[in-house]
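*Asks:* Here's my sequence, what's the structure:
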Amino acid sequence: MLKSILELALTASTFAATFRLACPILFGAMGGCFNHTSGCVNIAYEAVMLYSCFFSILGSYLTGSPWVGLLCGIGIGLLISVVFGLMAFVFKANTLIVGIALNSSAWAVTTLLMVIIFNVRGSVYNERIVSFSPIHFKLLEKIPLLDSIFNNNIILVYLSFVMVVAAFVVMYKTPFGLRIRGIGQNAQAAYTAGIDVEKYRWISLLLMGTFTAVSGTFLTLSGISMFSENMTAGRGFLCMCSIAIGKGNPLKILLVALLFAYSQALVLVLGTLSIPTQIISMIPYVAVILVLFFNGLKNFKGTADIEV
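*Replies:* Here you go, the predicted structure:
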């Protein structure tokens with residue numbers, strides 16, 4: 001049994017699934033890293049993802065275009081971000097409570113809309129819902145291993161890794177990133193230096209809404225062309241964990257996201273073995289707990305050294 005598990009864990013199909021499953025985590029985390037770095041506490045990733053899941057399939061259903069579905073998903077993501085921003089920045093509400101309210105309502109509202117529009121419960125599948133087509137690179141055919149892992153994915157998968165590089169450059173090589181980091185470290189000092197703190201936090205919040213919405217669109221239009229209740233299944237929280245552990249650094253977030261994606265890939269490949277499904281389903285959540293534990297242990301040791 002152990003030999004079978006190790007063989008499956010190291011197959012090309014497992015790494016291919018990891019490459020693909022990292023996409024929704026990376027998009028949400030790359031947008032959210034700016035929001036996190038600016039000092040705005042926002043936990044509404046699940047809400048943005050789930051709403052964008054539904055509205056992306058609705059846009060694709062109505063027009064037959066996955067790109068319109070993507071735009072619809074981004075539109076609702078921006079709307080949720082605006083609602084959050086109004087509550088947090090204008091009405092000075094507690095951001096944690098606002099985030100919890102948005103996350104809690106998303107499942108109920110999307111289910112209600114599914115019943116009203118499609119007249120079904122559970123899941124929506126329709127041949128009019130069109131997903132993104134996979135891209136095939138003939139060059140990779142000459143290298144079997146790379147062909148198996150990186151070929152035949154939709155464009156969003158490849159863009160998610162491009163986003164990592166773009167986010168790193170913007171965060172650490174541009175005046176915008178410098179101001180975002182300055183606001184996060186000391187908002188009062190940034191304000192004294194003439195930086196419009198609220199404007200930059202609004203921009204960061206809208207970036208989070210935009211790219212987390214792309215994550216939701218991926219879940220529905222990556223080939224399955226369907227929507228089901230609560231289909232995000234905690235991926236928004238994986239984005240939050242990746243950002244927190246990576247401390248807003250896109251490259252560190254990439255490593256954490258790949259680890260979480262690998263744990264999700266293991267769930268898929270190990271399902272073929274005679275292992276209880278309850279144990280297999282625990283793998284991503286155990287991975288999160290272990291990463292948080294070792295990250296906290298490292299920080300604890302650093303603090304102890306300083307105290308000594």
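*Asks:* what about residue 76, distance to residue 282?
*Replies:* 32 Å (Cβ to Cβ, to the nearest Å). The way it works is simple: take the backbone N, C-alpha and C, and place the C-beta from them, glycine included.
*Asks:* What's the local residue count around residue 255?
*Replies:* Residues contacting residue 255 under the criterion other Cβ atoms under 10 Å number 12.
*Asks:* Please name the residues that touch residue 45.
*Replies:* Contacts for residue 45 (Cβ atoms under 8 Å, 6 or more residues apart in numbering) come out as 28, 32, 208, 212, 236, 237, 239, 240.
*Asks:* Of those, which is the nearest to residue 86?
*Replies:* Among the contacts of residue 45, residue 208 lies closest to residue 86 (Cβ to Cβ), at 15.0 Å.
*Asks:* For the closest one, which non-adjacent residue is spatially closest?
*Replies:* Nearest in space to residue 208, with sequence neighbours left out and distances taken as Cβ to Cβ, 6 or more residues apart in numbering, is residue 35 at 4.0 Å.
*Asks:* Let me know the helix or strand that the one you found is in.
*Replies:* Per DSSP states H and E: residue 35 is located in helix 12-37.
*Asks:* tell me the average confidence for that helix?
*Replies:* The average pLDDT within helix 12-37 is 93.
*Asks:* Show me what that helix is packed up against.
*Replies:* If contacts are counted by 3 or more Cβ pairs under 8 Å, 6 or more residues apart in numbering; DSSP states H and E, helix 12-37 sits against helix 45-63, helix 144-150, helix 155-173, helix 175-185, helix 197-221, helix 235-246, helix 250-270.
*Asks:* Could you count how many residues lie near residue 117?
*Replies:* For residue 117, the count of nearby residues is 13 (other Cβ under 10 Å).
*Asks:* go on, residue 156?
*Replies:* Neighbour tally, residue 156, other Cβ under 10 Å: 22.
*Asks:* cool, and residue 94?
*Replies:* The tally of other residues near residue 94 (other Cβ under 10 Å) stands at 12.
*Asks:* which SS state does residue 41 fall under?
*Replies:* What DSSP: H, G, I helix; E, B strand; the rest coil gives for residue 41 is coil.
*Asks:* right, I mislabeled it, should have said residue 227
*Replies:* Classification of residue 227 by three-state DSSP places it in strand.
*Asks:* so it touches residue 114, yeah?
*Replies:* Yes: here residue 227 reaches residue 114: they are 6.9 Å apart, a contact under Cβ atoms under 8 Å.
*Asks:* Low-confidence ranges, the stretch 1-150 of the chain, go.
*Replies:* 1-3 (pLDDT under 70).
*Asks:* More neighbours: which of residue 76 and residue 282?
*Replies:* Between residue 76 and residue 282, counting by other Cβ under 10 Å, residue 76 is the more crowded of the two (23 against 14).
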